[in-house]
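Engineer: One predicted model, sequence on top.
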Amino acid sequence: MTVLTKTLVAYQTIHGSTKEAASMTAKTLEEDYQLQIDIHEFEENKEYPDISEYENIIVGSCIFHGKWGKNAEEFLKHDFTGKKLAIYICAGFAGEKELYEQALNIFLRGNIDKYTHLKTISIEAFGGRVPKSKIPHVWFLQASKRLANFRYDTRDLVRVKDWAHKLGKVFAEENN
């Protein structure tokens, strides 16, 4: 009997991009690497999942007004010793080719560096989406002046799936 490796995909989302990335990652790991996946969406006043039963943990957060989702960031305070930990963010600017590295450094590396206990196997920044009705006109004018090709939607699920395959190979190493 094969024992499935348990993987937790925990995330916080505002406009749905982080949820889509979590779902794509979970589906890829489950179907292509036969991992047992549990998905947990952080919500206000909801308990954090017990991580003791998981070998692999993926944490995702939206970036809203330049900050992580509060519950996703609080989750990073857990002790992940002995776990394979991967972290991603979804932010509109991360999907802009010319701003990707900046988004990765500021929103991801800059945030997780303050949690010195974290040892990750992979980090990634994906694009996001903001419904046009949610963008203040003044903000749009500022962004469009800086980026000639400013886009409301910078999601790329192919990139998410490619990252999930990289994770799947690392997670599967433990079983071989």
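Structural biologist: All right, it came through fine. Numbers count the residues shown, from 1 in each chain.
Engineer: Neighbours of the closest residue to residue 8 other than its chain neighbours, how many?
Structural biologist: If you skip the residues right next to it in sequence, residue 8 has residue 54 as its closest partner in space, 4.4 Å away by Cβ to Cβ, 6 or more residues apart in numbering. No exception for glycine: its C-beta is placed from N, CA and C like everyone else's. Using other Cβ atoms under 10 Å, the number of residues around residue 54 comes to 22.
Engineer: close enough to count as contact, residue 54 and residue 9?
Structural biologist: No: Residue 54 is beyond contact range of residue 9, at 9.9 Å (criterion: Cβ atoms under 8 Å).
Engineer: Could you say which helix or strand holds residue 23?
Structural biologist: Secondary structure here is read from DSSP states H and E; on that basis residue 23 sits in helix 17-33.
Engineer: Now do that helix: everything it contacts.
Structural biologist: The list of residues contacting helix 17-33 from outside it, by Cβ atoms under 8 Å, 6 or more residues apart in numbering, reads 7, 9, 11-13, 35-37, 39, 41, 58, 60-62, 69, 88-90, 126-129, 155, 157, 160-161, 163-165, 167-169, 171-172.
Engineer: now for the longest strand anywhere in the chain, which elements pack on it?
Structural biologist: Longest strand of the chain, by residue count under DSSP state E: strand 56-64. Taking 3 or more Cβ pairs under 8 Å, 6 or more residues apart in numbering; DSSP states H and E as the contact definition, the neighbouring helices and strands of strand 56-64 are strand 6-12, helix 17-33, helix 70-75, strand 84-90, helix 157-173.
Engineer: Against residue 13, how distant is residue 88?
Structural biologist: Residue 88 sits 12 Å away from residue 13, taking Cβ to Cβ, to the nearest Å as the criterion.
Engineer: tell me, what's touching those two both at once?
Structural biologist: Shared contacts of residue 88 and residue 13, counting by Cβ under 8 Å, 6+ apart, come down to residue 60.
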